[in-house]
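J.: What would the 3D arrangement of this be:
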Amino acid sequence: HGATSSSAVCAGTLSAANAVRANLIEKISSSIQL
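T.: Okay, the predicted model is just below:
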């Protein structure tokens, strides 16, 4: 049970990091287009 929750936390952290990275890339590309 503990392993499941720790891997869920790991997956959540990864998806959060991916979301932040995608957001940054979007902001950068939109400022380049301007």
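
J.: pLDDT weak spots in the chain?
T.: 1-3 (pLDDT under 70).

J.: Based on its surroundings, how many neighbours for residue 5?
T.: Other residues within reach of residue 5, judged by other Cβ atoms under 10 Å, total 9. For the C-beta atoms, the positions are set from N, CA and C on the backbone; glycine is no exception.

J.: That one and residue 34, how far apart?
T.: 43 Å (Cβ to Cβ, to the nearest Å).

J.: can you check residue 27 too?
T.: Applying Cβ to Cβ to residue 27 and residue 34 gives a distance of 11 Å.

J.: Looking at the two now, which is surrounded by more residues?
T.: Per other Cβ under 10 Å, whichever of residue 27 and residue 34 has more neighbours is residue 27, with 10 against 4.

J.: Quick check: which element contains the more buried one?
T.: helix 2-33 (DSSP states H and E).

J.: other SSEs contacting that helix?
T.: Packed against helix 2-33 by the contact rule (3 or more Cβ pairs under 8 Å, 6 or more residues apart in numbering; DSSP states H and E) you find no helix or strand.

J.: Make 10 the starting number, not 1.
T.: That works, and once the first residue is 10, the last one we named lands at helix 11-42.

J.: what comes up buried for that helix?
T.: By 16 or more other Cβ atoms under 10 Å, helix 11-42 has no buried positions at all.

J.: ok now it, how far from the chain's centre?
T.: 0 Å (Cα atoms, centre = their mean, to the nearest Å).

J.: and what of stretch 36-43?
T.: 19 Å.

J.: How about residues contacting it?
T.: Applying Cβ atoms under 8 Å, 6 or more residues apart in numbering, stretch 36-43 has no contact partners.

J.: May I have that stretch exported as CSV, CA atoms only?
T.: The C-alpha coordinates for stretch 36-43 follow below in CSV (Å, rounded to 0.1, in the frame of the first residue of the first chain):
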residue,chain,number,x,y,z
LYS,A,36,4.8,31.2,-23.0
ILE,A,37,8.2,31.2,-24.7
SER,A,38,6.9,30.3,-28.1
SER,A,39,4.1,32.9,-27.9
SER,A,40,6.6,35.7,-26.9
ILE,A,41,8.8,34.6,-29.8
GLN,A,42,5.8,34.9,-32.2
LEU,A,43,5.2,38.4,-30.9
